[in-house]
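Asks: sequence and predicted structure below; questions after.
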Amino acid sequence: MPSDLITRPLWREQHPRPHRQPGQAPSTVDFAVIGAGYTGLNAAREIAAAGASVVVLDSGPVGAGASSVNGGMVNVGLKAATAKVHKMFGPVMGREFWDGALSSIDLVEDLVTEHGIDCSFVRGGAAQLGYHHRDLPRFAALAEWYHRHLDFACTVLGPDRVGEVIDSPRFHCALVDTVGAGLHPARYVDGLARVAEAAGAQLMEHTAALQVARHTAGYTVLTDRGKIDAGAVILATNGYTGDQPFKPLRRRVIPIGSYIVATEPLPADQAERLIPGNRMMWTARRFLNYFRRTPDDRILMGGRNNLSTDLDLRESAGILGRVITEVFPEMAITPITHSWTGRLGVTFDLMPHIGRIDGVWYALGYSGHGVGIATLVGTELGRLVTGKLDRSPYQEIPHPTRPYYRGEPWFLPVAARWYRLLDRLGR
Ligand SMILES: Cc1cc2nc3c(=O)[nH]c(=O)nc-3n(C[C@H](O)[C@H](O)[C@H](O)COP(=O)(O)OP(=O)(O)OC[C@H]3O[C@@H](n4cnc5c(N)ncnc54)[C@H](O)[C@@H]3O)c2cc1C
């Protein structure tokens, strides 16, 4: 690893946080939203647009969580496999989740276009890549299922055509769609913050919520910068959900680490040859890798490593660097410049959820698939609480936890070993 490896997100280096005056905590608001990522900011935009007063608190700056550090891939579906979602909730609701997920990509595009958010949004499509010959019939069956049940077209590329989407000796086949998109996450989240503020939301960065207490007329949110009385409270803390300010939510979401590296920029013709058409890519494995070209033509490679949230970033750079070389052998000499991490909020059913505990609203659980979906779910939650929407499927499904889980994911090392074994066996 180069000694000058930068262990901060590339995205933030390219787009420093805009300066925002540290506002005074309001004494009373209609809504207090905790968490200034895609979920909280979109909820706040809708609430403010409906004419209610709303403050968004974050213990760090806007996008301090996953929303400014992710891979920026806006892909179809949910984290849970689409056929499984149909099986779990039936064809009608399954279809509703699918349509919603597709519309979330349009929603991102509409927000970006309408509000002039300069975040390199590009719809080049996406490809799932198979390492083995056994992936080919699986992809073919999946494409047929998508066509039959959802009238959604994807193309299966076998060994003779996989080179159309990637110049790599490693892959045997691909399942390709034309709908997936990519963006620059830090620019996107800062754009959303600007839009929420313009709609009338107050943002309070560097303000940690310490406690939420219910009383007869609403809630008191105790923060490290004062006390706020709120008619309603929304928790939008996803993978950063902790004991504070509201412990009961911890049992509903598991924090899992996701890690990314980026290389030096490549010459444009080399980048276009390696990933023609600028598609978003991921591998067909439980321990998948996701990768793409950045807007300045670096290769960004991400993965879960060992699922933990505290892997050393140099060690992570070593692991993900080997994946880059495996996929693109010619990149063995291309330096990795950045290595960083963030937390996913994973649920036991891999579904996002909108819910209420003791009257406190929450929305979370994108399980690593949240750029589009958190935008959608945050928007839906903002509409629900202001009466503009009377239902959301994310609110109607049960939100499972487990008796053995109290917020400390002690079982992750065992799960990691099990998933790796299944990957090795091709199951
Ligand atoms: C490395 C990585 C790569 C990813 N890649 C992709 C991708 O390519 N495509 C995709 O679709 N999804 C991806 N994801 C997932 C996606 O980034 C998330 O689903 C999405 O950003 C979640 O947004 P959010 O607003 O719900 O949560 P977050 O953006 O995580 O925001 C939660 C916020 O809550 C704040 N907070 C927590 N507790 C408190 C408190 N007590 N007081 C005040 N504030 C608090 C935190 O500071 C944080 O800012 C990735 C995630 C990671 C980590």
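Replies: Yep, that arrived.

Asks: what parts of the stretch 101-250 of the chain come near the ligand?
Replies: Ala208, Ala209, Ala236, Thr237, Asn238, Gly239, Tyr240, Gly242, Gln244, Pro245 (Cβ under 6 Å from any ligand atom). Every C-beta, even on glycine, is put in place using the N, C-alpha and C of the backbone.

Asks: among those, name the buried ones.
Replies: Among these, those scoring as buried are Ala208, Ala209, Ala236, Thr237, Asn238, Gly239, Tyr240, Gln244, Pro245 (criterion: 16 or more other Cβ atoms under 10 Å).

Asks: before we move on, back to that, looking at the residues of the stretch 101-250 of the chain next to the ligand, spot the one nearest Tyr259.
Replies: Gly239 (13.2 Å; Cβ to Cβ).

Asks: what are the bridge partners for the residue lying closest to the closest one once chain neighbours are set aside, then?
Replies: What sits nearest to Gly239 in space, not counting adjacent residues and going by Cβ to Cβ, 6 or more residues apart in numbering, is Arg343, at 3.3 Å. In this entry, Arg343 is beta-bridged to Gly257, by DSSP bridges.

Asks: tell me, what's the model's pLDDT at Arg343?
Replies: Looking at Arg343, its pLDDT stands at 95.

Asks: residues touching it, list them.
Replies: Listed by Cβ atoms under 8 Å, 6 or more residues apart in numbering, the contact partners of Arg343 are Gly65, Ala66, Asn238, Gly239, Tyr240, Pro255, Ile256, Gly257, Ser258, Thr309.

Asks: just to revisit the earlier point, out of the buried ones among the residues of the stretch 101-250 of the chain next to the ligand, which sit inside strands?
Replies: Ala209 (DSSP state E).

Asks: tell me the one of the buried ones among the residues of the stretch 101-250 of the chain next to the ligand nearest Gln21?
Replies: Ala208 (18.5 Å).

Asks: need the helices for the stretch 251-400 of the chain, in chain order.
Replies: Ranges of helices in the stretch 251-400 of the chain, per DSSP state H, counting those that start in this stretch, are 268-274, 313-327, 371-385, 393-396.

Asks: can you tell me which of the ones you listed is most buried?
Replies: Using mean count of other Cβ atoms under 10 Å, the stretch among the helices of the stretch 251-400 of the chain with the largest mean neighbour count is helix 371-385, at a mean of 26.

Asks: what's next to stretch 144-160, contact-wise?
Replies: For stretch 144-160, contacts defined as Cβ under 8 Å, 6+ apart pick out 76, 82-83, 86, 91, 95, 98, 102, 136, 139-140, 142-143, 164-165, 172-178.

Asks: in it, what's buried?
Replies: Tyr146, Leu150, Phe152, Cys154, Thr155, Val156, Leu157.

Asks: model confidence over the helix or strand containing Leu175, on average?
Replies: Taking DSSP states H and E as the definition, one finds Leu175 inside strand 173-177. Across strand 173-177, the average pLDDT comes to 97.

Asks: pick the one among the residues of the stretch 101-250 of the chain next to the ligand closest to Val360.
Replies: For these, the residue nearest Val360 by Cβ to Cβ is Pro245; the value is 9.2 Å.

Asks: Val221 is in contact with that closest one, correct?
Replies: Yes. With contacts counted by Cβ atoms under 8 Å, Pro245 reaches Val221, the gap being 6.8 Å.

Asks: list the residues that contact both of these two?
Replies: Contacts common to Pro245 and Val221, judged by Cβ under 8 Å, 6+ apart, are Ile34, Ala209, Gln211, Val212.

Asks: the last one looks like it's in a strand, true?
Replies: Yes. Counting by DSSP: H, G, I helix; E, B strand; the rest coil, Val212 falls inside a strand.

Asks: what's the local residue count around it?
Replies: Other residues lying near Val212 total 22 when counted by other Cβ atoms under 10 Å.

Asks: got a list of what it touches?
Replies: By Cβ under 8 Å, 6+ apart, the neighbours of Val212 are Tyr219, Thr220, Val221, Leu222, Val233, Pro245, Phe246, Val360.

Asks: pull out the buried members of the residues you listed.
Replies: Buried members of the contacts of Val212, counted by 16+ other Cβ under 10 Å: Tyr219, Thr220, Val221, Val233, Pro245, Phe246, Val360.
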